[in-house]
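**Student:** Below are the sequence and a predicted model; questions follow.
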Amino acid sequence: MEGQHIQEMFHAIAPRYDFLNRLLSVKQDIKWRKALVEALRLPDNSRVLDIATGTGDVAIEVVRRKGRSVTVWGVDFALGMLQLGRKKIAGANLDANIRQAQGDAFYPPFKQGVFDAVTCAFGIRNISDKKKVLKVFFDLLKPGGQVLILELTLPKTGFMKYLYLIYFRRVLPVIGKMISKVSEAYSYLPQSVLHFPPRAAFCSLLRDAGFEDVSCKPLTVGICTLFSGVKPEK
Ligand SMILES: C[S@@+](CC[C@H](N)C(=O)[O-])C[C@H]1O[C@@H](n2cnc3c(N)ncnc32)[C@H](O)[C@@H]1O
């Protein structure tokens, strides 16, 4: 699927996005984002860039957990998602700490080497040139900065994988279509996850982009994985 099509799709499902996330993941998505934020090691007065920020859940969680000295910039190309995020940020009284920019993950409007961490939750599977975008993340980080990426993946074990694929291919698209009223969005979701590289291959992409201390942590029997890496000090 092309970038513009993906952008329009997320703009269209935005009003139902959070509700469907909680429903289809049985609220596991909240736990997964918390795991990402817990893994962040931030100095005081740090800057975090949240790519594919969507409705702002990661950005909000970062400031809630890491404190008001942190500033988060959220970038996303779907206006509908950002608008909902803005309301949630205002509702949580976090306007001073969370800023948004509408834009493409390949061209975030920032100088190189200014962020202490780059995060991306459930966004990277929508980006076809992963190698290129990981290099963009690398360049935006300060030396010693962290990249943390959450993505939906397939369970490791055979029986869980079998059950999950039934749910994923047959149940999820039907519920997603019924509630979002956007027919393609929730059939695209399983396709995009099935095409996501295996964990080891994605870790290799992170290393190829220049990151060290690369690791991956499967969450909830492996239906989600937290990938991390560090930009070398020198
Ligand atoms: C599944 S949502 C994830 C949103 C949020 N990070 C979360 O945890 O709920 C994926 C988001 O990625 C955004 N996205 C996908 N490709 C993008 C790109 N190339 N540039 C900017 N945003 C992108 C979409 O607009 C969408 O808001």
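**Tutor:** Ah, there it is.

**Student:** from here on, contacts and neighbour counts on C-alpha atoms
**Tutor:** Noted.

**Student:** Show me which residues of the protein are close to the ligand?
**Tutor:** 7, 10, 52-54, 57-58, 76-78, 81, 103-105, 120-123, 126-127 (C-alpha under 6 Å from any ligand atom).

**Student:** Just the endpoints, please. Distance across stretch 31-50?
**Tutor:** 17 Å (C-alpha to C-alpha, to the nearest Å).

**Student:** what sits up against that stretch?
**Tutor:** Stretch 31-50 is contacted from outside by 57-59, 61-62, 65-66, 69-75, 114-121, 146, 148-150, 219, 224, 226, using C-alpha atoms under 8 Å, 6 or more residues apart in numbering.

**Student:** Now restrict those to buried residues only.
**Tutor:** Among the contacts of stretch 31-50, those buried by neighbour count (16 or more other C-alpha atoms under 10 Å) are 57-59, 61-62, 66, 70-75, 114-121, 146, 148-150, 219, 224, 226.

**Student:** Do I have it right that Glu8 meets Gly80?
**Tutor:** No - using C-alpha atoms under 8 Å, Glu8 is not in contact with Gly80; the gap is 9.1 Å.

**Student:** Between these two, point out the one with more neighbours.
**Tutor:** More crowded of Glu8 and Gly80, by other C-alpha atoms under 10 Å: Gly80, with 21 against 15.

**Student:** Find the residue closest to the more buried one in space, skipping its chain neighbours.
**Tutor:** His11 (4.6 Å; C-alpha to C-alpha, 6 or more residues apart in numbering).

**Student:** Now the one you found, what are its backbone angles?
**Tutor:** Reported as degrees, to the nearest 10, the phi and psi values for His11 are phi -60, psi -40.

**Student:** For it, give me the pLDDT.
**Tutor:** His11 carries a pLDDT score of 92 in this model.

**Student:** residues contacting it?
**Tutor:** Contacts of His11 (C-alpha under 8 Å, 6+ apart): Ala78, Leu79, Gly80, Met81.

**Student:** List the buried residues for the lowest-mean-pLDDT helix or strand in the chain?
**Tutor:** Least confident helix or strand, the chain: helix 185-194 with a mean of 84, by mean pLDDT, DSSP states H and E. Across helix 185-194, burial judged by 16+ other C-alpha under 10 Å covers Ala185, Tyr186, Ser187, Tyr188, Leu189, Pro190, Ser192, Val193.

**Student:** Name the nearest of these relative to the ligand.
**Tutor:** Of all the buried residues of helix 185-194, Leu189 has the smallest distance to the ligand: 8.5 Å, by C-alpha to the nearest ligand atom.

**Student:** Next up, the contacts around the closest one.
**Tutor:** No contacts exist for Leu189 under C-alpha under 8 Å, 6+ apart.

**Student:** Could you find the closest non-adjacent residue to the most centrally placed residue in the chain?
**Tutor:** Among the residues of the chain, Ala121 comes closest to the average C-alpha position under C-alpha atoms, centre = their mean, at 1.3 Å. Spatial nearest neighbour of Ala121, excluding adjacent residues (C-alpha to C-alpha, 6+ apart): Leu150 at 4.5 Å.

**Student:** how close does that neighbour sit to Lys87?
**Tutor:** Distance, Leu150 to Lys87, by C-alpha to C-alpha: 24 Å.

**Student:** And the closest residue to Cys224 other than its chain neighbours, what's its pLDDT?
**Tutor:** Among residues not flanking Cys224 along the chain, Leu152 sits closest, at 4.2 Å (C-alpha to C-alpha, 6+ apart). pLDDT for Leu152: 95.

**Student:** Is it correct that Leu152 is in contact with Val193?
**Tutor:** Yes - at 6.2 Å, Leu152 and Val193 qualify as touching, with contact defined as C-alpha under 8 Å.
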